[in-house]
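Enquirer: please find the sequence and the predicted model below.
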Amino acid sequence: MLSLEEVIGYKFRNSLLLAEALTHPSLAYETQKPHFDNQRLEFLGDAVIQLLLTERLYDMFPGFSEGRLTKLRARLVSREALHGFANEMDLGTYIMMGKGEESTGGRNRPSTLADAFESVFGAIYLDGGLDSARKAIERVCSKAIKIIADSPEEKNPKGQLQEVLQAISPDGPCYHVLSEHGPDHNKSFTVSVKWKGMCLGEGVGNSKKDAETKAARAALNVRAWEDYSI
């Protein structure tokens with residue numbers, strides 16, 4: 001398995017920063033010992049990612065208004081998008097967390113992965129500056145940036161995913177409800193979208209339709225089907 005530094009294309013000078021970025025708060029809680037966690041780096045990384053992807057879109061579309069650029073940025077920095085980037089990096093395998101958190105699915109939890117993704121970029125920024133973070137974001141978000149470059153006007157994500165996949169094979173995507181939580185008036189659904197036995201993405205929403213849309217959008221960001229061989 002590749003090291004995370006190989007995946008992101010950046011070698012840390014201070015390895016403790018990377019360790020901090022990958023430490024879930026549950027580790028300190030479970031061990032009952034003082035320990036750093038990635039929450040502060042998550043806060044910083046959120047701002048770093050927002051800046052770098054805003055800058056990228058600003059350069060890509062010089063004729064676009066503020067409103068159009070804001071909509072495009074939302075496609076790249078939403079929690080679903082960050083979760084998709086983290087999944088593509090297989091980031092969950094590198095996170096250090098408590099056994100209890102891991103046993104309840106924490107290693108694959110969308111919020112945990114999105115938070116860790118932000119933390120890693122906060123750490124890169126502190127360790128190597130904005131240029132290093134810019135190179136890393138270009139590397140790990142290249143597919144999503146290309147999708148926006150090719151199709152800046154967002155279509156319905158489910159319809160767009162259907163078109164893309166059926167251009168490869170007659171088989172379309174299938175959506176599955178993984179879980180639902182909460183009272184009837186305030187339910188939360190987690191949905192996965194699968195194709196050819198592969199899980200392409202997951203989404204969380206207040207309705208099945210919303211969760212399916214977010215799962216399709218996550219799939220479009222990750223583009224796991226590109227590794228499929230007919």
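Expert: Here it is on my side, so go on. Numbering: from 1, shown residues only.

Enquirer: surely Gly106 meets Pro25?
Expert: No: using C-beta atoms under 8 Å, Gly106 is not in contact with Pro25, being 10.5 Å away. Where you see a C-beta, it was placed from the backbone N, CA and C, and this is true even at glycine.

Enquirer: what's the closest non-adjacent residue to Leu82?
Expert: Residue nearest to Leu82 in three dimensions, not counting chain neighbours: Ala114, with 3.9 Å by C-beta to C-beta, 6 or more residues apart in numbering.

Enquirer: let me see the domain layout of this protein.
Expert: Structural domains annotated on the chain: 4-150, 157-227, as defined by automatic domain parsing.

Enquirer: what is the subsequent helix or strand relative to the helix or strand of the chain with the lowest mean pLDDT?
Expert: Using mean pLDDT, DSSP states H and E, helix 26-31 stands out as the lowest-scoring helix or strand of the chain, at a mean of 73. Using DSSP states H and E, the helix or strand that follows helix 26-31 in sequence is helix 39-60.

Enquirer: could I have the CA atoms of that following helix written out in CSV?
Expert: Extracted in CSV, the C-alpha atoms of helix 39-60 (Å, rounded to 0.1, in the frame of the first residue of the first chain):
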residue,chain,number,x,y,z
GLN,A,39,-9.9,19.4,14.9
ARG,A,40,-7.7,22.6,14.8
LEU,A,41,-6.1,21.5,11.5
GLU,A,42,-9.6,20.8,10.1
PHE,A,43,-10.6,24.4,10.8
LEU,A,44,-7.5,25.7,9.0
GLY,A,45,-7.7,23.2,6.2
ASP,A,46,-11.3,24.2,5.4
ALA,A,47,-10.1,27.8,4.7
VAL,A,48,-7.0,26.6,2.7
ILE,A,49,-9.1,24.3,0.4
GLN,A,50,-11.7,27.1,-0.1
LEU,A,51,-9.1,29.5,-1.1
LEU,A,52,-7.2,27.3,-3.5
LEU,A,53,-10.3,26.0,-5.2
THR,A,54,-11.7,29.5,-5.4
GLU,A,55,-8.5,30.7,-7.0
ARG,A,56,-8.5,27.8,-9.4
LEU,A,57,-12.1,28.5,-10.6
TYR,A,58,-11.4,32.3,-10.8
ASP,A,59,-8.5,31.5,-13.2
MET,A,60,-10.5,28.9,-15.2
